[in-house]
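In: please work out how this folds:
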Amino acid sequence: MVDRFNVIVIGSGFGGAITAARLAEGGARVLVLERGRRWTADQHPRRPTDAWLYRPNSPAKHNGWLDLRFFPRMIVAQGAGVGGGSLCYSAVLLEARPELFDAGWPPEITYKELRPYYAKVRDMLGVRPIPSQQLTARARLLQRASAKLGHGDRFTSVPLGMTFDESWNYGLDDPLGHQHSKSFVNQQGQRQGTCVHLGNCDIGCDVRAKNTLDLNYIPLAERHGAEVRPLHIVRRIEPDGTGYRVYFDRIDGERLIPGSVRAEKVVLAAGSLGTTELLLRCRDEYRTVPNISRRLGKHWSPNANFLTPATYPDGDQVKQGIGPTITSGLDFLDGSVNGQRFSIQDDGFPNVLLNAMRAELASPALRPVAWLLERRLARGLDEENPTRNVMVWLGQGIDAADGELRLSRRFAKPWEQGLDLKWRVDRSKELADTILEMHRRLSEATGGQLHVPLFWRLLRGMISVHPLGGCGMGRSRAEGVVDHAGRVFGYKNLFVADGAIFPGAAGSNPSMTIGALSERIADLMLRDPGAGAER
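Out: Numbering: from 1, shown residues only. Down below sits the predicted model:
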């Protein structure tokens, strides 16, 4: 019997979408299994009652936009849906500094080796900085603060996976109006629009200006015959003759319907937590792949993410909720401050109150009420927003990467095993203190007051939006879980292609590097289809 698929890809974020597209383009029969929905613009969460959260313990009832995992002293935020983390990330696509790969990575992985793969991602995702005349109030605030502290030469506009119209500016009449977004059809046949600074990047762009993976790599994969199945939760992988059988639960309404499918090759791309948990269960619970490296789950990193708010007496300095979520940053990855390597960016968040009100009053029955409140509901530079004076500093850096993901028994349900994270801040505390001190200095230099989160002050806890590691690269099974080509040691034709393969922190936004590594993994799979990593 001929297998229907050559490759099963688990997950559709930067690892899964890219490998699926390139392998399908190369002639492979590809199936993508994605646990989340296939979101459309009219389904983006806005109201409090909308599908905001994805809950792994009850995915049939709760398969929303964002998956929040709570561990002791660590909260991890992840996307859920076709397009993975690209749906809810801030579209920052920075290449890693060349020196990142000098230590800890296999010798095959260098900046020079990744350069052509970075270029492929940059082309597919339309990477570019925001036009200079469109700088947000938050970016100008960071620029002023950095100049006052003597770091003006470090200020830069960050590259974004977004589409801009050079003629758009804040001086237009009703600048945030949808009528200013110029509609076009992209290279993959998907209709998009140009950015009008609505500030909803992380909860779904209203005009599709953010170049999420469901608008480029996923359509490319489908154009070459790949099949994408949303709402499929992979539970187990099992060697089956010359290939693997993948067992899943399919969400049908509020039911979970079990099923399975077989392929010669499997690519795990479910993210740092998802991929690591799946392999841990297959090794330790189901014992279908018992020979995976004992390094599995180790060297996990939150990428030293710190989200620290500061309040300003004048909301016009910040204008929170207006403009792309992140547009600028400061690079201290050279270790010039306290010997710590880190970066700072001007983070933002949507005007959730106004979004919710507009969505709630959009129904035909409430149109008279909406008409009466038209001025209060309007999006604009003076829009109603109780948090318009709140600046959020995003810090990230090269932490100790000494976290460990593992399975443990639940106190309430001892017959079940759940994913747990063992993580302590001790070896990363100096880095954390350095980032927080820079946040404080940037705030005070521009008249703001920093508010260190209670989660950090009381528990030394972090919120990570860049989870990395768990299936780190190495030269052998004694050093890592996968080799330089993403091949799982001990198992031929089993691959990992996502943030789990990082052997440590990135220090800056990792999506571009995950994309480049995935482009390379797919390229090597096509060039040497019989290769394995069985050491």
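In: ok, now which ones touch residue 114?
Out: 96, 101, 513, 516-517, 520 (CB atoms under 8 Å, 6 or more residues apart in numbering). (Each C-beta comes from the backbone N, C-alpha and C, glycine too.)
In: quick one: which of those residues is nearest to residue 439?
Out: Distance to residue 439, by CB to CB, is smallest for residue 96 among the contacts of residue 114, at 22.8 Å.
In: apart from its chain neighbours, what residue comes closest to that closest one?
Out: The shortest distance from residue 96 to any non-neighbouring residue, by CB to CB, 6 or more residues apart in numbering, is to residue 513 (4.8 Å).
In: how about the one you found, secondary structure?
Out: Here residue 513 is recorded as helix under DSSP: H, G, I helix; E, B strand; the rest coil.
In: likewise for the one 10 residues further on?
Out: Secondary structure for residue 523, judged by three-state DSSP, is helix.
In: pLDDT score for the closest residue to it other than its chain neighbours?
Out: Using CB to CB, 6+ apart and skipping residues adjacent in sequence, the residue nearest residue 523 is residue 22, 6.8 Å away. Looking at residue 22, its pLDDT stands at 98.
In: do you know how far residue 22 is from residue 201?
Out: In this view, residue 22 and residue 201 are 26 Å apart by CB to CB, to the nearest Å.
In: quick one: which of these two has more around it?
Out: Using other CB atoms under 10 Å as the criterion, residue 22 and residue 201 rank with residue 201 on top: 27 against 24.
In: excluding chain neighbours, what is closest to that one?
Out: Nearest non-adjacent residue to residue 201 (CB to CB, 6+ apart): residue 325, at 4.2 Å.
In: buried ones in stretch 319-336?
Out: 319-333 (16 or more other CB atoms under 10 Å).
In: which one of those residues is nearest residue 458?
Out: Taking those together and measuring to residue 458 by CB to CB, the closest member is residue 320, at 25.5 Å.
In: confidence score at the closest one?
Out: We have a pLDDT of 97 for residue 320.
In: contacting residues for it?
Out: Residues near residue 320 by CB under 8 Å, 6+ apart: 138, 348-349, 351, 385, 387-392.
In: give me the element it is part of.
Out: Using DSSP states H and E, residue 320 sits within no helix or strand.
In: measure it to residue 60 for me?
Out: 36 Å.
In: low-confidence ranges, the stretch 351-500 of the chain, go.
Out: Applying pLDDT under 70 to the stretch 351-500 of the chain flags residues 363-367, 369-375.
In: ignore what I typed, I meant the stretch 151-300 of the chain.
Out: For the stretch 151-300 of the chain (pLDDT under 70), the answer is none.
In: please, where are all the strands along it?
Out: Per DSSP state E, counting those that start in this stretch, the stretch 151-300 of the chain carries strands over the ranges 155-157, 184-185, 191-192, 227-229, 232-240, 243-252, 255-268.
In: distance to residue 503 and mean neighbour count for the ones you listed - can I get that in CSV?
Out: Below are these laid out as CSV (distance: least, CB to CB, whole Å; neighbours: other CB atoms under 10 Å):
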stretch, distance to residue 503, mean neighbour count
strand 155-157, 27, 16
strand 184-185, 40, 11
strand 191-192, 36, 17
strand 227-229, 30, 18
strand 232-240, 23, 18
strand 243-252, 25, 18
strand 255-268, 17, 18
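In: would you tell me which of the ones you listed gets closest to residue 307?
Out: Of all these, strand 155-157 sits nearest to residue 307, with 19.9 Å by CB to CB.
In: just give the closest residue to residue 392, not the sequence neighbours.
Out: In space, residue 392 is closest to residue 347, 4.2 Å off (CB to CB, 6+ apart).
In: residues contacting the one you found?
Out: 90, 307, 325-326, 392-394.
In: in the stretch 1-150 of the chain, what residue spans correspond to helices?
Out: Remark: helices assigned in the stretch 1-150 of the chain by DSSP state H, counting those that start in this stretch are 14-25, 111-124, 137-148.
In: go on, the stretch 251-400 of the chain?
Out: Under DSSP H, counting those that start in this stretch, the stretch 251-400 of the chain gives helices at 271-280, 352-360, 367-372, 374-377.
In: list just the one of those helices that sits closest to residue 460.
Out: Nearest of the helices of the stretch 251-400 of the chain (CB to CB): helix 271-280, 20.7 Å.
In: hang on, the earlier thing: the residue nearest to residue 523 touches residue 519, doesn't it?
Out: Yes - using CB atoms under 8 Å, residue 22 is in contact with residue 519, at 6.6 Å.
In: which residues touch the residue nearest the centre of the chain?
Out: By CA atoms, centre = their mean, the mean C-alpha position of the chain lies nearest to residue 85, the distance being 3.5 Å. Residue 85 sits next to 13-14, 78-79, 271, 511 when contact means CB under 8 Å, 6+ apart.
In: returning to that earlier point: make TSV out of the helices of the stretch 251-400 of the chain and add distance to residue 252.
Out: Shown next, in TSV, are the helices of the stretch 251-400 of the chain (distance: least, CB to CB, whole Å):
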stretch	distance to residue 252
helix 271-280	21
helix 352-360	27
helix 367-372	35
helix 374-377	37
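In: nearest to residue 170, out of these?
Out: Of the helices of the stretch 251-400 of the chain, nearest to residue 170 by CB to CB is helix 352-360, at 17.9 Å.
In: what residues of that closest one count as buried?
Out: 352, 354-360.
In: which one of those residues sits closest to residue 163?
Out: Taking CB to CB as the measure, residue 163 lies nearest residue 355 of these, at 21.2 Å.
In: OK, contacts around the closest one?
Out: Counting by CB under 8 Å, 6+ apart, residue 355 makes contact with 46, 200, 203.
In: before we move on, back to that, is the residue nearest to residue 96 in contact with residue 95, as I believe?
Out: Yes - the criterion here is CB under 8 Å, and residue 513 meets it with residue 95 at 7.1 Å.
In: who's more crowded, those two?
Out: Legend: neighbour count by other CB under 10 Å for residue 513 and residue 95, higher for residue 513 (27 against 20).
In: ok, now which ones touch the more buried one?
Out: Contacts of residue 513 (CB under 8 Å, 6+ apart): 95-96, 114, 118, 502, 506.
In: TSV for these, including distance to residue 452 and pLDDT?
Out: Shown next, in TSV, are the contacts of residue 513 (distance: CB to CB, whole Å; pLDDT from 0 to 100):
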residue	distance to residue 452	pLDDT
95	31	98
96	29	98
114	36	98
118	36	98
502	28	98
506	24	98
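In: farthest-apart pair in those residues, please.
Out: 118 and 502, at 15.6 Å, using CB to CB across the contacts of residue 513.
In: who has more neighbours out of these two?
Out: residue 502 (30 against 21).
In: how close does the more buried one sit to residue 8?
Out: For residue 502, the distance to residue 8 - CB to CB - is 23 Å.
In: residue 404: how many residues sit nearby?
Out: 16.
In: quick check: it vs residue 37, distance?
Out: 31 Å.
In: same check, this time on residue 354
Out: From residue 354 to residue 37 the distance is 25 Å (CB to CB).
In: residue 42: which of the contacts of residue 347 is nearest?
Out: For the contacts of residue 347, the closest approach to residue 42 (CB to CB) belongs to residue 325, at 21.3 Å.
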